[in-house]
Structures are given as C-alpha cells and as structure tokens.
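Enquirer: pasting a predicted model and its sequence here:
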Amino acid sequence: MTSMRTHDQHVIDLITDARAKIHIMALIHNQLYRSERFDQIDMESHVHEMVSYLSKVYTNREKLVTPVIRHSNVYLSVTQAIPCALVLNEMISNAFKHAFSEGKEGRIEVSIQRSADDAIIIRVKDDGIGMPDGVDIYRADSLGLKLIRNLVQEQLKGKVQVNRDNGTEFIIEFKILEEEAEDV
Ligand SMILES: Nc1ncnc2c1ncn2[C@@H]1O[C@H](COP(=O)(O)OP(=O)(O)OP(=O)(O)O)[C@@H](O)[C@H]1O
Ligand SMILES: [Mg+2]
C-alpha cells in the first residue's frame, strides 16, 4: 500500500513537472503575441510570470519561499529566449523542489542582467540545504542538469557555474546574438 502510494506520488510528480514545462512554453508564446516587437521577449516580465506559476505549483502551505526578482531590462530574440526560459525553468523548479524541506523558510533570488559587453548573466540563488556533495553539475546524468548544460553550452554558446556557499547559486552567462543586439 505504501509503495502504491509512493508510486502514485512519483507519477503525480512526473505529471506536475511535464505540465510545468508545457506551461512555460505557453507563457513564451503569450509574451510573443503581446509584445510590440515580435522578435523581442521581455525576460523580466517572463521571469515574473514563471516564478509566480512555479511557486504555486511547487510550494504548499508549510513551505514559505519568498521569490525575489532583481530588476533588469533584458530583451531577447525568440531563438535565445526559448532555451533561456527552459534553463530558468529547470533552475527555479530545482530550487522550489529540492532546496527547502517541509516547514523550512527560504528565499529564491532570480536576476537577469546585461553587462556592458553585451553578455547576459542569469543567477538563480536559493538559501536552502545545498546540492548534495556527490552531485557534479558538469557530469550528472539526471535530466534537469543535463538539459541545463546542453541548452547553455550548445544553444546559447555560454557557460554554467555553480556556487555552493550558503545554499545553491546557478550562474549562467552567454552573449546576445550579434544580429539581434540592436534596438534594445
Ligand atoms: N537548488 C537545489 N538545492 C538542493 N539540491 C539541488 C538543487 N538543484 C538540484 N539539486 C540536486 O541535484 C539533483 C539533480 O537535479 P536535476 O534537476 O538534474 O534532477 P531532478 O530535479 O531530481 O529531476 P528533473 O529535473 O529531471 O525533474 C536533484 O535531485 C537534487 O538532489
Ligand atoms: Mg530538476
């Protein structure tokens, strides 16, 4: 009976994750239709929508997680916005799902900034329990971390780093595509 329930919970978790991924893609499409410039996605408002959705999906009443979103003024082309949103989804979902155990309070901070040399720097930081020592983000075979690595390195041609002081902080850095950098 217990294993039946565990199994059911596992299935529920899988469906929840899949629903979240589909919803994030739908959010991107909404942004596209609403934006005045069809080729530019406002990443700050996208992050707001994403965090508010994910916090509803992954937190329950016993978990008090305060999301903080730093101001930014970053607009990306669809080509970069989609992999970027998928990476953000994995990192933010991980923070909600793994960083805080039941009853623990915490903070998740998301910031997207553009540096003077047209690099985009994204940080997702939580002050939770920290990643287990055995998890190496560059080698892990689990789907989420693999997706983060592939999307950042292959599609965004960027770098991913993790900082394990006082919780977990993912730092992603990539360049804005040349031809899409004007008028921002
Ligand atoms: N913010 C975090 N805080 C604590 N542990 C984390 C955090 N992010 C990831 N982890 C740990 O790293 C493991 C691997 O993460 P990954 O995203 O690859 O897999 P998952 O979240 O378990 O499953 P999936 O993302 O495929 O649904 C997690 O199972 C968890 O133990
Ligand atoms: Mg994950």
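Expert: Yep, that arrived. Numbers count the residues shown, from 1 in each chain. Ligands and ions are numbered 1, 2, ... in the order given.
Enquirer: hmm, the longest helix anywhere in the chain touching ligand 1?
Expert: As assigned by DSSP state H, the longest helix anywhere in the chain is helix 2-34. Yes: on the criterion CB under 6 Å from any ligand atom, helix 2-34 is in touch with ligand 1 at Asp17. (Glycine included, C-beta is placed from N, CA and C.)
Enquirer: hey, which helix or strand in the chain has the poorest pLDDT?
Expert: Every helix and strand of the chain was ranked by mean pLDDT, DSSP states H and E. The lowest is strand 64-69, at a mean of 75.
Enquirer: before we move on, back to that, buried stuff in the longest helix of the chain?
Expert: Using 16 or more other CB atoms under 10 Å as the test for burial, helix 2-34 gives Asp17, Ala20, Ile24, Leu27, Ile28, Gln31, Leu32.
Enquirer: count of neighbours near the residue of the chain found nearest ligand 1?
Expert: Residue of the chain nearest ligand 1, by CB to the nearest ligand atom: Gly144 (2.2 Å). Other residues within reach of Gly144 by the criterion other CB atoms under 10 Å amount to 17.
Enquirer: where's it, which helix or strand?
Expert: Per DSSP states H and E, Gly144 falls inside helix 143-150.
Enquirer: ok, residues contacting that helix?
Expert: 86-87, 90-91, 93-94, 135, 137-138, 140, 160, 170, 172 (CB atoms under 8 Å, 6 or more residues apart in numbering).
Enquirer: same question, stretch 129-139
Expert: 98-101, 104, 145, 148-149, 160, 162, 164, 166-168.
Enquirer: farthest pair within those?
Expert: The distance between the two most remote of those (CB to CB) is 28.0 Å, for Lys104 and Arg149.
Enquirer: for the chain, which residues are neighbours of ligand 2?
Expert: Counting by CB under 5 Å from the ion, the chain comes close to ligand 2 at Asn94, Gly144.
Enquirer: which parts of the chain sit against ligand 1?
Expert: 17, 90, 94-95, 97-99, 126, 128-132, 135, 140, 142-145, 168.
Enquirer: direction included, what does the longest strand anywhere in the chain pair up with?
Expert: Scanning the chain for the strand with the most residues, using DSSP state E, yields strand 105-114. In the sheet, strand 105-114 lines up against strand 64-69 (parallel), strand 119-126 (antiparallel) (DSSP bridges).
Enquirer: average pLDDT for the longest one, rounded please.
Expert: In this model, strand 119-126 has a mean pLDDT of 95.
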